[in-house]
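Chemist: okay, structure incoming, though there's no sequence with it:
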Ligand SMILES: [Zn+2]
C-alpha cells in the first residue's frame, strides 16, 4: 500500500484510517531536516491502561506540557502515542458502538441532572424508546461500556490493525487522525 492510500481497518470500527508510509515499519534511521541530525526514532504502541488511568495521565500531561509551540526536545514518542489514543479513540468505534457510546454519555449526564427538563426528557426516552442494542450495551452502566470499548480499540492499536497518524518524513505523531501536516518538522503532505 502506498503512502497516504486509504484503508478501512477490519473489525476496528468503520472509519477510514489514513496510513502514513512508515506506520508499519520497525524503528529506523530518520534523517531530520533540522540541523541535518540523524536520529533513531523508536515507534511505540499505546500502553495498556484502564481508560480512567489513561485519561488521568493525559490530563496530567496536558497540565504539565509546554503550552503553544512545542519544543522539539520535549517530544516523547510513547507519551505522544498514549495521548493521541486517549484523545481520539472514540473515532475508531464502529457505527453501532458509537451510537451506544453516545447515548451512554448523554444518559450518564442525564442521571446527574435528573431534575432538569433535559434530564427528565432523556430519562423518559431511555424508559420508553431505546432499542435493545443500546440497552444491552449499557446493562452494566456507562463506565463499564466505556472500559470495554476502550480496551477493544487499544487492542486494535496494539496489534497494528489501526495505527496512529504519523508524519511520513520524521515519523512523529501528528496532531489529529486526519492531519496532513506535521507541526514538528513542518512537512506537509496534502495532495
Ligand atoms: Zn514531521
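Modeler: Ah, there it is. Keep in mind that what you see is a predicted model, and the values were worked out from it rather than measured.

Chemist: and residue 93, how many neighbours?
Modeler: Residues lying near residue 93 (other Cβ atoms under 10 Å) number 21. C-beta: built from backbone N, CA, C; applies to glycine.

Chemist: pretty sure it contacts residue 101?
Modeler: Yes. At 6.1 Å, residue 93 counts as touching residue 101 under the criterion of Cβ atoms under 8 Å.

Chemist: what sits in contact with each of these two?
Modeler: residue 149 (Cβ atoms under 8 Å, 6 or more residues apart in numbering).

Chemist: can you pull out the strands in the chain?
Modeler: With strands called from DSSP state E, the chain shows them at 6-8, 16-18, 28-31, 38-41.

Chemist: avg pLDDT for the first one?
Modeler: What strand 6-8 shows for mean pLDDT is 43.

Chemist: also the second one?
Modeler: Computed over strand 16-18, the mean pLDDT rounds to 45.

Chemist: and for the third one?
Modeler: Across strand 28-31, the average pLDDT comes to 44.

Chemist: now swap in stretch 62-80 and tell me
Modeler: Here the average pLDDT along stretch 62-80 is 74.

Chemist: again, but for stretch 144-164
Modeler: pLDDT averaged over stretch 144-164 gives 96.

Chemist: can you check stretch 92-101 too?
Modeler: Here the average pLDDT along stretch 92-101 is 96.

Chemist: how far is that stretch from where the chain is centred?
Modeler: Relative to its chain's centre, stretch 92-101 lies at 14 Å (Cα atoms, centre = their mean, to the nearest Å).

Chemist: how about the helices of this structure, start to end?
Modeler: 51-64, 77-88, 95-112, 117-128, 132-137, 142-158 (DSSP state H).

Chemist: give me every residue in this structure lying close to the ion.
Modeler: 167, 169-170, 182, 184-185, 187 (Cβ under 5 Å from the ion).

Chemist: can you turn the buried part of those residues into a ChimeraX selection?
Modeler: Only the buried entries of those go into this ChimeraX selection, using 16 or more other Cβ atoms under 10 Å:
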select :167,169,170,182,184,185,187
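
Chemist: and the residues of the chain next to the ion, which two are the farthest apart?
Modeler: 169 and 184 (9.3 Å; Cβ to Cβ).

Chemist: how does the chain divide into domains?
Modeler: 1-92+160-191, 95-150 (automatic domain parsing).

Chemist: how long is the shortest one end to end?
Modeler: In this case it means domain 95-150. 15 Å (Cα to Cα, to the nearest Å).

Chemist: go on, stretch 157-170?
Modeler: Calculated as Cα to Cα, the first-to-last residue distance of stretch 157-170 is 20 Å.

Chemist: tell me which residues in it are buried?
Modeler: Per 16+ other Cβ under 10 Å, stretch 157-170 contains these buried residues: 157, 162-170.

Chemist: and what of stretch 108-115?
Modeler: Residues residue 110 are the ones in stretch 108-115 that count as buried (16+ other Cβ under 10 Å).
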